[in-house]
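Novice: structure for the following, please:
(4 chains)
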Protein chains: 2
Amino acid sequence: MSIESDIRQTAFSSSYHRLLVNILYSSNWLGNSQMQLLKPFGITLQQFNVLRILRGRFPDPVKVNEITERMLDKMSNASRLVDKLLLKKLVERTECPSDRRAVNVIITKKGLDLLTKIDAAQLQFEGIMEQRLTTDEADTLSHLLDQLRGSVLTPTELELVQTEVESAC
Amino acid sequence: MSIESDIRQTAFSSSYHRLLVNILYSSNWLGNSQMQLLKPFGITLQQFNVLRILRGRFPDPVKVNEITERMLDKMSNASRLVDKLLLKKLVERTECPSDRRAVNVIITKKGLDLLTKIDAAQLQFEGIMEQRLTTDEADTLSHLLDQLRGSVLTPTELELVQTEVESAC
DNA sequence: ATACATTAAATGTAAATACATTATATTTGC
DNA sequence: GCAAATATAATGTATTTACATTTAATGTAT
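Specialist: Numbers count the residues shown, from 1 in each chain, chains lettered A, B, ... in the order given. Sure thing, here's the model as predicted:
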């Protein structure tokens, strides 16, 4: 065991550990930022995620089931999130005729309009990002995050969400 | 307005927007991963953050006040988090003699031992990270996250937390 | 067909969280 | 020194969340 390999090992370990702590820190920071951004619009981050999933599929419906799968906060309750969105009339809920267990959810015009407004607010946030990162750096950061998560999601998958029509309903 | 500049603008916008969505996504992913990692140890991510802050200052005490400042989940209740940690005997709480409003918190031996165990578990997580990112990539990612947050935190600041002794108590 | 397993969504419940308010102590301005 | 402003921590409360359980519908095997 050479000194070199010792040093290298140490260096390795500390880079990854630093990254781990850094991501936790950044994750908190970003989550809070987004929460603050969403607050004036009266929805939570999770509700926002649901709305985005629904917009990605509009005008096709999405089953509660599928929402859960896409959310990767899988433990949180899509059913109750939809409830909240329903109260605000941002989505509509209808029974799925071919499977009476399932429930179809569609984003409403009001929901789409809200997302449009939020998009505008996010543009401001992106403005801050532009001051701090070049396009290349932003791309590199995106790519490295993909790598770290162990999957490379295309912008379509990430943002616009699947236009694949598996729809049975 | 040239076509080039139009295209460039579009490209810019989409890079940052993609990054924004990607970070939200990654933030969820990482947060969940860490939550799962911590669950067997019976503490939440926030409680873990508090413990790390306390360890960074050990054996000096940290005031509830300072914990709040360092947490950057500033809205969450350091007072109540300390309550929970107290119940588990992971910290001790004593009055600050020079300011009777303030409360000093110190991590206990039990708390330090718990963090040691968690460190070991995090090493496994770091192992996964090593498979997906080179050291250089990990460093780049850390650095870009620092840039994005608009501050460059040294590993000491991030992890071990300040040894600065402002202590009045 | 009937029992058993599986799937989908909703509900129950305890805990955590965001945020406002309160209680107490200290500092500041006069 | 005293009143007002500020700082510190704790508490109150509604909401959100994690997670388990329940209800109902569908699929599957015998």
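
Novice: please enumerate the strands of chain A.
Specialist: Remark: strands assigned in chain A by DSSP state E are A:62-63, A:91-95, A:103-107.

Novice: please work out which of the ones you listed is packed deepest.
Specialist: strand A:62-63 (a mean of 24; mean count of other Cβ atoms under 10 Å in any protein chain shown). Every residue, glycine included, has its C-beta placed from N, CA and C.

Novice: and that one, anywhere near DNA strand D?
Specialist: No - residues of strand A:62-63 contacting DNA strand D under Cβ under 7 Å from any atom of the strand: none, with a closest distance of 12.5 Å.

Novice: give me the residues contacting that strand.
Specialist: Applying Cβ atoms under 8 Å, 6 or more residues apart in numbering or on different chains, the contact partners of strand A:62-63 are A:53-54, A:96, A:102-106, A:169.

Novice: adjacent strands (with direction) for it?
Specialist: Strand pairing for strand A:62-63, determined by DSSP bridges: strand A:103-107 (antiparallel).

Novice: in PDB, list the C-alpha atoms belonging to the partner strand.
Specialist: Provided in PDB are the C-alpha atoms of strand A:103-107 (Å, rounded to 0.1, in the frame of the first residue of the first chain):
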ATOM      1  CA  VAL A 103     -59.700   7.400 -11.500                       C
ATOM      2  CA  ASN A 104     -58.800   9.700 -14.400                       C
ATOM      3  CA  VAL A 105     -57.400  13.100 -13.600                       C
ATOM      4  CA  ILE A 106     -57.200  16.000 -16.100                       C
ATOM      5  CA  ILE A 107     -55.800  19.500 -15.600                       C
END
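
Novice: quick check: mean pLDDT across it?
Specialist: Mean pLDDT, strand A:103-107: 95.

Novice: let's have the strands of chain A in JSON lines, adding distance to DNA strand C.
Specialist: Formatted as JSON lines, these follow (distance: least, Cβ to the nearest atom of the strand, whole Å):
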{"stretch": "strand A:62-63", "distance to DNA strand C": "4"}
{"stretch": "strand A:91-95", "distance to DNA strand C": "6"}
{"stretch": "strand A:103-107", "distance to DNA strand C": "4"}
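
Novice: quick one: these as TSV, columns for distance to B:T135 too.
Specialist: Below are these laid out as TSV (distance: least, Cβ to Cβ, whole Å):
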stretch	distance to B:T135
strand A:62-63	41
strand A:91-95	46
strand A:103-107	44
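
Novice: so stretch A:16-23, near chain B or not?
Specialist: Yes - contact of stretch A:16-23 with chain B (Cβ under 8 Å from any Cβ of the partner chain) involves A:16-23.

Novice: which of these are buried?
Specialist: Buried members of these, scored by 16 or more other Cβ atoms under 10 Å in any protein chain shown, are A:16-23.

Novice: residues from chain A in reach of DNA strand C?
Specialist: Counting by Cβ under 7 Å from any atom of the strand, chain A sits next to DNA strand C at A:32, A:35, A:39, A:63-66, A:68, A:77, A:79-80, A:82-83, A:93, A:96, A:99, A:101-103.

Novice: now with 10 Å?
Specialist: Proximity of chain A to DNA strand C, by Cβ under 10 Å from any atom of the strand, involves residues A:28, A:31-32, A:35-36, A:38-39, A:44-45, A:61-69, A:76-83, A:86, A:93, A:95-96, A:99-105, A:168-169.

Novice: list the buried residues of stretch A:47-63.
Specialist: For stretch A:47-63, using 16+ other Cβ under 10 Å, the buried residues are A:47-58, A:61-63.

Novice: of those, closest to DNA strand C?
Specialist: A:K63 (3.6 Å; Cβ to the nearest atom of the strand).
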